[in-house]
Each structure stands twice: as C-alpha cells, then as structure tokens.
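**Student:** generate a structure from the sequence data that follows.
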Amino acid sequence: MLRIEKAEITLGDFRLSADMDLIPGCKYAVIGPSGAGKSTLLSAMGGFVPLSTGRITWDGRDITDAAPGARPMTMLFQDNNLFPHLSVMQNVGLGINPHMRLTQVDRDRVAQALDRVGLAEHAQSRPGALSGGQQSRAALARVLVQARPLVLLDEPFAALGPALRNEMLDLVQDLVAETGAALIMVTHAPDDVRRIADEVIFVAGGVAEAPQPAAALMENPPPELLDYLG
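**Tutor:** Okay, here's the model as predicted:
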C-alpha cells in the first residue's frame, strides 16, 4: 500500500495538502480544475517534486526522499517522453536499463511488451515514424517492461481523438489487470472516470481529497465537484 501521510507540497505561492492510502490493483482517477495541482500530486508521488512536510511510505517503508527510479512506480507523461533518435525497441528498453545494456532475457521482455501493445512490426522504427496512438502504445510498452506495482498517468492520451483515446484506456485497463498494478490517472474528462476508475481523487482548493468510490461520487457529486463538472 502507498500511504501519503499529512503531506504538504509548496511551490512558490502554490500549496497542496494530501493524506490518503492507495491500494494495489485499484484504478484511481485524479480530477479537478486546471491548476489545482493534479499533476503536482503525481509528480510528488513519483519523486519529481519534494514534500515540504509529511511523508510517503510503500508497504511501511519510507520513500519520501527516494529517487524516482528507486520508487515502486512508473510515470507516463503527456508527451510520452520518447527519444526521437532511438528506435521504438531502444526506447522501451530504457525502462529496463537506462544505459540500454540489455541481456537476451531483457530483449525478449521488450519484444513481448511490443507484441502485447501491437507494435511488434515497428520495433526498429523511430518515434517520428509512428502515429500519435502508436507513440502512446510505445510509451505503454516501456511502462509494461518496468513491472512496477504503481502506474502513474498524467493525461497521456489528451491529444488523441475520442475513439483512439477509449482504445488506449481499454488497453491500459487490460495491462494493469494483467500485472495487478494500481493505476493513478490524471484526467479532465468525466467519461474517462466512468470508463476506467474505481475511485476518484478530487483536487481543488489546495487539497487532494482522499479517494472516494467513483460511481457514487459521479452520480451524486458534492457542490465543488458539481461546479467543476458543469
């Protein structure tokens, strides 16, 4: 279990507080107004933004000051973070070894991940030769080979059309179900919440609220969430 205990994040005049538990195998949607701190919350979980106070623990082990690569999670950003000068296979291999020193077993893992996301025929292609959806699939393959118990998604499919976006959300659901990972996904789209989320983390007014059941919350939202949803 990932526990965020009485955490405060301070960036200049911006402040965000959070106190919550996140359990393996659960799918969380992080929603709220623009600028509320959704991406900041994920970045703090992933170790890219420090806490001012409080701590983060994983199964009782304090990881508050751990480097991103030493945490039990992987993060997929909005731009997919693919290196244009590397092949798709090399980009995915970075998820196993940042110096790309891969064993044959590692290469087999990469090939299996690419096959799983439907990119086996594009292993030697550069990202620039892929469509937006294929680039998202390559980034997901890199997440898959890391096999971490927590997957953080910061609106990685925001630029995709509705049909392709839903296809990618379904693929994400399948992948986390296969691995048993928890999914924590920032989104602006209520339809994403209804499609994928078990629980909702609502971020507004300087607070990331503890997770609440998604179906009940979306059917009967409190006033602040209703204002956001319109």
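
**Student:** gap between the two ends of stretch 113-133?
**Tutor:** Criterion CA to CA, to the nearest Å; first-to-last residue distance in stretch 113-133 is 16 Å.

**Student:** please enumerate the strands of the chain.
**Tutor:** Remark: strands assigned in the chain by DSSP state E are 2-11, 14-22, 27-31, 53-58, 61-62, 73-76, 150-154, 182-186, 199-204, 207-208, 212-213.

**Student:** pick out the shakiest of these, pLDDT-wise.
**Tutor:** The weakest mean pLDDT among those belongs to strand 73-76, with a mean of 88.

**Student:** check which helices and strands the top helix by length along the chain is in contact with.
**Tutor:** When the chain is parsed with DSSP state H, its longest helix is helix 162-179. Using 3 or more CB pairs under 8 Å, 6 or more residues apart in numbering; DSSP states H and E, the elements in contact with helix 162-179 are helix 132-146, strand 150-154, strand 182-186, helix 190-196. To be clear about C-beta, it is placed using only N, CA and C from the backbone, and glycine gets the same treatment.

**Student:** hmm, try it at 7 Å
**Tutor:** helix 132-146, helix 190-196 (3 or more CB pairs under 7 Å, 6 or more residues apart in numbering; DSSP states H and E).

**Student:** now render the strands of the chain as TSV, adding mean neighbour count.
**Tutor:** Shown next, in TSV, are these (neighbours: other CB atoms under 10 Å):
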stretch	mean neighbour count
strand 2-11	17
strand 14-22	17
strand 27-31	26
strand 53-58	16
strand 61-62	10
strand 73-76	22
strand 150-154	24
strand 182-186	25
strand 199-204	22
strand 207-208	20
strand 212-213	14
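
**Student:** closest one to residue 136 among the ones you listed?
**Tutor:** Evaluated over those, closeness to residue 136 peaks at strand 73-76, with 8.5 Å, by CB to CB.

**Student:** the closest one: how far from the chain's middle?
**Tutor:** 5 Å (CA atoms, centre = their mean, to the nearest Å).

**Student:** just list whatever residues bridge to the closest residue to residue 208 other than its chain neighbours.
**Tutor:** Of all residues not flanking residue 208 in the chain, residue 18 sits nearest, at 4.0 Å (CB to CB, 6 or more residues apart in numbering). Residue 18 forms beta bridges with residue 7, residue 208, as assigned by DSSP bridges.
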